[in-house]
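*Asks:* using only what follows, build the 3D model:
(2 chains)
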Amino acid sequence: MKNWIHIALPKGRLGEKAYAMLKNSSYDCPALEDPGRKLIFENPEKGIRYFWVKPSDVAIYVERGAADLGIVGKDILLEYQPDVYELLDLRMGKCRMAVAGKKDFRDPVGQTLKVATKFPNITRSYYSGKCRDIDIIHLNGSIELAPILGLSHVIVDIVETGTTLRENDLMVYEDIVPISARLIANIASYQFKDTQINTIRERLQGQVESKYD
Amino acid sequence: MTDRIWKREEQAVFALRSLYSRYGYVPYKMSHFEEYELYVRNKDFLVSDQIITFSGEGGRLLALKPDVTLSIVKNAPQTPGVVQKVYYDENVYRDYREIRQTGLECVGDLGEYEISEVVMLAVRSLALMQERFVLNISHMGLISAVLDSCGLTDGEKKQAMRCLRGKNIHGLQALCQGNLPAWEKLWTLAACRGSGEDVLGQMETILTTQEERTALGELAQLWRILKSGGRTESVRLDFSVGSDLGYYSGVVFRGYLEGIPASVLSGGQYDKLPRKMGRKSRAIGFAIYLDLLQQRSGEDDTQDIDTLIVHDGSIDTALLAQAAAKAAEQGSVLVSTSVPKDRTWKQLQRFEKGAQVE
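*Replies:* Residues are numbered from 1 along each chain as shown, chains lettered A, B, ... in the order given. Predicted structure coming up:
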C-alpha cells in the first residue's frame, strides 16, 4: 500500500504561494495547475494528494486526520488552538494581529471596552492578560465598519499593509502578535509518515532559509 | 462470522482483559456517578470541565463520572509494600458525550518494576489491537527540570511547553532569543525523537543539573527494561508528549494505531494526585479510547449479511425455514419479503411462486 501524503491548501493567494513552494520542492501536481472547479488533485507518482479548503478550515482537516499536512495562518492556530504539530514557519503571508480604532479614539478606561472582531479567543486572551473588561462583538466580515458606526470602540483584526484602515480613517493602536503561514501536521499521521513529512519540511525549510536568511 | 458479531472495540476489550488479568490486575467496577465535589477539587486533572451534574438524595450534588482515575486513586492503599492493580472498562461522560474507556491503574507503594510493567502493558495493549502502532514516551520530570534550568519565567515555561507539544521549533527559538544555553537545550528536547539509543546519548550532552540527570536516568532505565523484554521496536522517546497538568510527575506516554487520526492510548505517572488527596501513594496508569477504533479509515468493506433470502409469501414456510437454517449454518442470513435498502449481502436467494428462482 502506498503511503499517500494528503495536503490541505488554503484557497486563495496564500495557498497558491504555498503550492509554488511545494512545487519547487519537487512535490508538483500538474492537475492542480489546470483551472477548474475540482477540489482534489493528485500526483500518484509522487504519492501526494492536494485539496483546496477554506483557509479557516485547514486546521480542522489536519487535526481530524483528513489531511496529513496543511498550510495555515498563525491567526487560525491561535484562535482555534488545534491539537496539531506546528512544524515550520513559512515566513510568508506575513501580517499582524492588531487593535485598531478611529483616529480620535481615546480608551474609555472607566467603562467596558467594546471590541469587534472575527477572533474572539485571541481578543479574550489578549485583554484578559491586561485585566481589561471588554465586551466582544463577534462579526464575520467588514470589521472596520464597527467603530465607524459606533458599534464598537475598537477592532481586533489582521493588518497587512494598513491601506483599508487608512482609507476608513482608522489606525493601529497596539500590535498583538505577528502572523505568518505555518506548516502543520496531524500528530497521529506523523508517527507513521515521519520520514516523508520530515523530508517535505526540510525541503520547505531550505527554501525559506535561502529566501530570508 | 465472530469478527462481525463482536465489534472491533469489543474484541479489543476481551483481549485486553485477558492480558491485564495475566499480570495480576483485577477488574474494577464503578458506580455511574460520584460526588461532584471530587471533580471540583481536582478539576485540573480532568480532560474536560464539562461535567454533567444532578441533585441526588438529600440535595447532594452528584456527577456522571467524567473520569475513572480519580475514583480509583481516592481509595488507594497507603500501606508500605502494598500495590493495588486494577483494570476497568467503563463509560465516561465528557462534553455531553458517552465515551467508552478501558484502562488500568497501578497505585500504592510503586517501584521501578511496577512502572516498567505498566509501560510494557501499554505497548502490549497497542500490539493486541493492531500490528502497526507507535508508543511515544516522555518524562515530565525531565521536561520540568530542563525548563527550570533554562531560567524561564512561569509564563515562558507554559509557552515553552506548548511549543514542545507542537514540535514548534521556530516558536522556541523566538522564546529563547538572547538565551543561547536555553535554546540549545530546548532545541534538543524538541528535535530529538527515536529509539533510546538515538535520543538518550544526545540528551545527556546538554544536561547541566542533577535533577535533569536523575530524570534522564529513570528514562534510560525504563528503556533498558523494555528493550530486555524485546518491546522497543515500535516505541519512541519523544518529548512532545507532555501535559500542562500539574499532576503528571514522571513517565508519560501516548499510543497511536496506524489509520486512526488521534492517540488511542494515553497515560503516565501521576504521583502528585494521590499526594494532593493526602495519600502517601504513587500512581501510574493509562486509558484506551475504544470509540476511536471505529474511526479506522478504509475499513468496513465487509457485507452486513452472508445470505439474503427474499420471498413473495407463496413458498411453504417449512421450506423457507429449512433454507434459512441451512444458510445460517454457513454464516448470517436475513429472510425478508422485500429487498432491504439499508443492508448489504454476499449472496441472494429469491423464492417466487413457490419455487427458488435465484
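*Asks:* ok, the closest residue to B:Arg60 other than its chain neighbours to B:Arg275 distance?
*Replies:* Leaving aside its sequence neighbours, B:Arg60 sits nearest to B:Glu35 (CB to CB, 6 or more residues apart in numbering or on different chains; 6.8 Å). Glycine gets a C-beta too; all of them are placed from N, C-alpha and C. From B:Glu35 over to B:Arg275 the distance is 20 Å, taken as CB to CB, to the nearest Å.
*Asks:* what do you get for B:Arg224?
*Replies:* B:Arg224 is 28 Å from B:Arg275, by CB to CB.
*Asks:* now B:Asp312
*Replies:* 72 Å.
*Asks:* same check on B:Phe45?
*Replies:* 12 Å.
*Asks:* tell me which of those two has more neighbours.
*Replies:* B:Phe45 (19 against 15; other CB atoms under 10 Å in any protein chain shown).
*Asks:* what segments of the chain are helices?
*Replies:* All of this is about chain A. All helices of chain A, identified by DSSP state H, fall at A:13-24, A:30-33, A:58-63, A:74-80, A:120-129, A:145-148, A:163-167, A:187-212.
*Asks:* hmm, no, I was thinking of chain B.
*Replies:* With DSSP H as the criterion, chain B has helices spanning B:2-5, B:8-22, B:36-41, B:69-73, B:112-129, B:140-149, B:154-165, B:169-175, B:180-191, B:196-204, B:210-228, B:272-276, B:317-330.
*Asks:* and for A:Arg49, the neighbour number?
*Replies:* 19.
*Asks:* wait, isn't it in contact with A:Ile40?
*Replies:* Yes: A:Arg49 is within contact range of A:Ile40, at 6.6 Å (criterion: CB atoms under 8 Å).
*Asks:* how near is the closest residue to chain A within the stretch 1-150 of chain B to B:Lys85?
*Replies:* At 4.1 Å from chain A, B:Val134 is the closest residue in the stretch 1-150 of chain B, using CB to the nearest CB. As for B:Val134, its distance to B:Lys85 is 26 Å (criterion: CB to CB).
*Asks:* so B:Ala63 makes contact with B:Ile51?
*Replies:* Yes: if you go by CB under 8 Å, B:Ala63 and B:Ile51 touch, sitting 4.9 Å apart.
*Asks:* spit out the residues that contact these two alike.
*Replies:* Shared contacts of B:Ala63 and B:Ile51 (CB atoms under 8 Å, 6 or more residues apart in numbering or on different chains): B:Tyr36, B:Tyr39.
*Asks:* now for the nearest residue to B:Gly313 once chain neighbours are set aside, how many residues are close by?
*Replies:* Leaving out its chain neighbours, the residue that sits closest to B:Gly313 by CB to CB, 6+ apart is B:Thr337, at 6.1 Å. For B:Thr337, the neighbour count with other CB under 10 Å is 9.
*Asks:* what sits against B:Thr337?
*Replies:* Counting by CB under 8 Å, 6+ apart, B:Thr337 has contacts B:Val310, B:His311, B:Asp312, B:Gly313.
*Asks:* most surrounded residue in those?
*Replies:* Going by other CB under 10 Å, B:His311 tops the contacts of B:Thr337 with 21 neighbours.
*Asks:* okay, now the unreliable bits of chain A?
*Replies:* Along chain A, the model assigns pLDDT under 70 to residues A:1-2.
*Asks:* next, name the residue at the spatial heart of it.
*Replies:* A:Gly73 (1.6 Å; CA atoms, centre = their mean).
*Asks:* stretch B:249-258 near chain A anywhere?
*Replies:* Yes: judged by CB under 8 Å from any CB of the partner chain, stretch B:249-258 comes into contact with chain A through B:Tyr256, B:Glu258.
*Asks:* residue of chain A with the smallest distance to chain B?
*Replies:* For chain A, CB to the nearest CB, closest residue to chain B: A:Gly65, 2.2 Å.
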